[in-house]
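J.: what's the 3D shape of this:
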Amino acid sequence: MNWSNMEERLGFSREEFMELLEVFLKAAEADIGLMQAGIDQKDHHKVARGAHSIKGAALNFELPVIREIAERIEKRANRGLLDGAREEIRLLCVSLLEISSAIQTGFTQCQAYSCSSGSCESVVRLRE
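T.: Numbers count the residues shown, from 1 in each chain. Got it, this is the predicted structure:
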């Protein structure tokens, strides 16, 4: 992804764009919590809602990997299928943490992190 091109296209300064990404990450963290609660409660509607929210935001930020994962989770949850959802959420966490890392490093490097046991604690590791 060409971050600077997106900044220009959307008409934001680099700092504004990074702030928007941070807001996206915070919202995604809440949505992941909703999805995990939905899995624990066997409530496929919660899982679908959280995935739908992430999917829409990822679409706006042109984050195709995140959008695709969230879409898979949403489609399965809408059919009442929650098997495999924790693994998909883990993949989502890895992608979100990669973005968080990119923000921290000023987009000079990007590293993926893994979430332990399907949990996404500290998804948002914002710059100080």
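J.: I figured residue 28 was touching residue 61, is that so?
T.: No. Counting by CB atoms under 8 Å, residue 28 does not reach residue 61; the two are 10.4 Å apart. For glycine as for every other residue, the C-beta is placed from the backbone atoms N, C-alpha and C.
J.: now the helices: where do they sit in this protein?
T.: Secondary structure of the chain (DSSP state H): helices at 3-10, 14-40, 44-60, 64-78, 85-104.
J.: measure residue 73 to residue 14 for me?
T.: Separation of residue 73 from residue 14 (CB to CB, to the nearest Å): 31 Å.
J.: neighbour count winner among those two?
T.: Legend: neighbour count by other CB atoms under 10 Å for residue 73 and residue 14, higher for residue 73 (27 against 13).
J.: look up the closest residue to the more buried one, ignoring the ones flanking it.
T.: Of all residues not flanking residue 73 in the chain, residue 51 sits nearest, at 4.0 Å (CB to CB, 6 or more residues apart in numbering).
J.: who's in contact with the one you found?
T.: 31, 35, 70-71, 73-74, 77 (CB atoms under 8 Å, 6 or more residues apart in numbering).
J.: TSV please, covering those residues and showing pLDDT and distance to residue 83.
T.: Formatted as TSV, the contacts of residue 51 follow (pLDDT from 0 to 100; distance: CB to CB, whole Å):
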residue	pLDDT	distance to residue 83
31	97	20
35	98	14
70	98	17
71	98	17
73	98	11
74	98	15
77	98	11
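J.: return the member of those nearest to residue 41.
T.: Set against residue 41, the nearest of the contacts of residue 51 by CB to CB is residue 35 (10.8 Å).
J.: how close does that closest one sit to residue 11?
T.: In terms of CB to CB, residue 35 sits 32 Å off from residue 11.
J.: hmm, back to that, looking at the contacts of residue 51, which is nearest residue 103?
T.: Residue 103 has its nearest neighbour among the contacts of residue 51 in residue 31, at 18.2 Å by CB to CB.
J.: good, we can wrap up now.
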